[in-house]
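Trainee: Have a look at this prediction, sequence included:
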Amino acid sequence: MTWLQRQISLREQPRGVHLITREIVDQLPDLSALSTGLAHLFLRHTSASLTLNENASPDVRHDFETWLNAAVSEDFAWTHTLEGRDDMPAHIKASLMGPSLMLPVADGRLALGTWQGVYLCEHRDRGGPRSLLVTLFGE
Amino acid sequence: MTWLQRQISLREQPRGVHLITREIVDQLPDLSALSTGLAHLFLRHTSASLTLNENASPDVRHDFETWLNAAVSEDFAWTHTLEGRDDMPAHIKASLMGPSLMLPVADGRLALGTWQGVYLCEHRDRGGPRSLLVTLFGE
Amino acid sequence: MTWLQRQISLREQPRGVHLITREIVDQLPDLSALSTGLAHLFLRHTSASLTLNENASPDVRHDFETWLNAAVSEDFAWTHTLEGRDDMPAHIKASLMGPSLMLPVADGRLALGTWQGVYLCEHRDRGGPRSLLVTLFGE
């Protein structure tokens, strides 16, 4: 049984939805040590989120951002407005998509489907670099 | 410590929300080997999803589908339209519900609440059979 | 390798979004035994949910509840209405936020970000006490 916990810094992204599978895997050489296991990706923030979705067309990520902005509008009866118009919608969006992913690992690699990629959803206008705590475990 | 990874094929379902607890458990005889552990169910797709909800009334699943279609309408300013009117809404719905579930296992069984069942949410009109990668681990 | 499964009762809360990090941690003295691991929090219900979000301003939690009520309205074409006007919206909200959280554990403590706290989202008018099944594992 192997346990490994590693803090990764994700580079700053503009508001929007970004494909970061490669950025993560490149910082996890330890994946190759697991024949069967799981990788837990945990974002230590409340205004950005992680999800899995289509890894091919950039249009899909564009449409994610457009839909999120329509579903959780900046023009709403928010009471928490001190940190900017983008802040409270960012909190809601972060919980809709969720702060973490648990991914299966098989034969030293993430066992994603052919079309699955990891999205970082940056919900703030200027979110800065984001901190990801990765826990790998398995055998 | 036991680790077991198993690929399950879920039979094709029409667009909508389907109760599949029994279909999954029937393909996991290995559950009985775990006294304490977890079962990770991971759908390897980006246009279907898994969630837990009420396992009794079919009306609840009907209302899930109706609400999802209203919340993520086919009539929206989508740019990714090449794969059909149902495709881009399916991607958003898939991330709203999520691609995976982590379920506690106790005494060789899924430790669900009395009213909890596993839903397969099929967001495409014709999604075909769906591939589920199950990881069981525990002692 | 340590495995521990513990049932926790969360005290009854009014409909709304509640910060319960302290209530959970106070019932998990066993956390201190893990140097590296994970804590799985699993709500055994279909009309309440768990999420992580901002642990400081009560306004954020107020706005969560307001947005959820607008996004999943009681005034909708629901067919499942036998259990009250708040019931079917509660089921949808529960799946939007999700029934569980997987949290990293490091040095005997939950490794949350500075601003992250555990929210119990009570979607029923009178949900009663809620049952949480916690699985701790690690080394």
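Mentor: It's in.
Trainee: Next, the contact list for the residue of chain A found nearest chain C, please.
Mentor: Minimum separation of chain A from chain C (Cβ to the nearest Cβ) falls at A:Arg44, amounting to 3.1 Å. The way it works is simple: take the backbone N, C-alpha and C, and place the C-beta from them, glycine included. Neighbouring residues of A:Arg44 by Cβ atoms under 8 Å, 6 or more residues apart in numbering or on different chains: A:130-133, C:111-114, C:116.
Trainee: and if you look at A:Asn69?
Mentor: Contacts for A:Asn69 (Cβ under 8 Å, 6+ apart) come out as A:Pro89.
Trainee: Tell me if it really is in a helix.
Mentor: Yes: under DSSP: H, G, I helix; E, B strand; the rest coil, A:Asn69 falls within a helix.
Trainee: and the gap between it and B:Thr114?
Mentor: Per Cβ to Cβ, to the nearest Å, A:Asn69 is found 39 Å from B:Thr114.
Trainee: can you check A:Met102 too?
Mentor: From A:Met102 to B:Thr114 the distance is 25 Å (Cβ to Cβ).
Trainee: So for the two, which residue has more residues nearby?
Mentor: More neighbours surround A:Met102 than the other of A:Met102 and B:Thr114, with 21 against 10 (other Cβ atoms under 10 Å in any protein chain shown).
Trainee: okay, which residue is most central for chain A?
Mentor: Nearest to the geometric centre of chain A sits A:Leu50, at 2.4 Å (Cα atoms, centre = their mean).
Trainee: which residue packs closest to that residue, ignoring adjacent ones?
Mentor: Spatial nearest neighbour of A:Leu50, excluding adjacent residues (Cβ to Cβ, 6 or more residues apart in numbering or on different chains): A:Leu101 at 5.0 Å.
Trainee: Would you mind confirming that the one you found makes contact with A:Leu52?
Mentor: Yes: counting by Cβ atoms under 8 Å, A:Leu101 touches A:Leu52, with 6.3 Å between them.
Trainee: which residues do these two both contact?
Mentor: Joint contacts of A:Leu101 and A:Leu52 (Cβ under 8 Å, 6+ apart) are A:Val118.
Trainee: Counting neighbours, go ahead and name the busier of those two.
Mentor: A:Leu52 (27 against 24).
Trainee: so who does the more buried one touch?
Mentor: A:101, A:103, A:112, A:116-119, B:46, B:95, B:99.
Trainee: can you check A:His40 too?
Mentor: Contacts for A:His40 were tallied using Cβ under 8 Å, 6+ apart; they are A:100-103, A:134-137, C:38, C:102, C:104.
Trainee: sec struct for it, please.
Mentor: What three-state DSSP gives for A:His40 is strand.
Trainee: go on, A:Thr135?
Mentor: Recorded secondary structure, A:Thr135: strand (three-state DSSP).
Trainee: Which helix or strand contains the residue nearest to the centre of chain A?
Mentor: Taking DSSP states H and E as the definition, one finds A:Leu50 inside strand A:48-54.
Trainee: Neighbouring strands - and their directions - for that strand?
Mentor: Partners of strand A:48-54 in the sheet, by DSSP bridges, are strand A:116-126 (antiparallel).
Trainee: Let's see which of the contacts of A:Arg44 end up in strands.
Mentor: Mapping the contacts of A:Arg44 onto strands (DSSP state E) picks out A:130-133, C:116.
Trainee: what sits up against the strand or helix carrying A:Arg22?
Mentor: A:Arg22 is part of helix A:21-25 when elements are defined by DSSP H and E. Where contact means Cβ under 8 Å, 6+ apart, the residues beyond helix A:21-25 that reach it are A:8, A:10-11, A:31, A:41, A:55, A:110, A:112, A:117-118, A:132, A:134.
Trainee: For that helix, buried residues please.
Mentor: For helix A:21-25, the neighbour count (16 or more other Cβ atoms under 10 Å in any protein chain shown) marks A:21, A:23-24 as buried.
Trainee: Those into a markdown table, with extra columns for distance to A:Ala77?
Mentor: Formatted as a markdown table, these follow (distance: Cβ to Cβ, whole Å):
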| residue | distance to A:Ala77 |
| --- | --- |
| A:Thr21 | 37 |
| A:Glu23 | 37 |
| A:Ile24 | 37 |
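Trainee: Looking at those, which one is closest to B:His91?
Mentor: Of all the buried residues of helix A:21-25, A:Thr21 has the smallest distance to B:His91: 16.0 Å, by Cβ to Cβ.
Trainee: So which bits of chain A are right by chain B?
Mentor: A:1, A:36-38, A:51-54, A:57, A:59-60, A:62-64, A:66-67, A:70-71, A:96-98, A:101-104, A:106, A:111-116, A:119, A:138-139 (Cβ under 8 Å from any Cβ of the partner chain).
Trainee: Please work out which residue of chain A is closest to chain B.
Mentor: Closest residue of chain A to chain B, Cβ to the nearest Cβ: A:Gly113 (3.1 Å).
Trainee: so that residue makes contact with B:Gln7?
Mentor: No: the pair A:Gly113 / B:Gln7 is not scored as a contact, 11.3 Å apart, by Cβ under 8 Å.
Trainee: Those two: which is more packed in?
Mentor: Using other Cβ under 10 Å as the criterion, A:Gly113 and B:Gln7 rank with A:Gly113 on top: 17 against 12.
Trainee: so what pLDDT did the more buried one get?
Mentor: Note on A:Gly113: pLDDT of 98.
Trainee: Quick one: residues contacting it.
Mentor: B:43-46, B:131.
Trainee: Out of those, the closest to chain A would be?
Mentor: B:Arg44 (3.1 Å).
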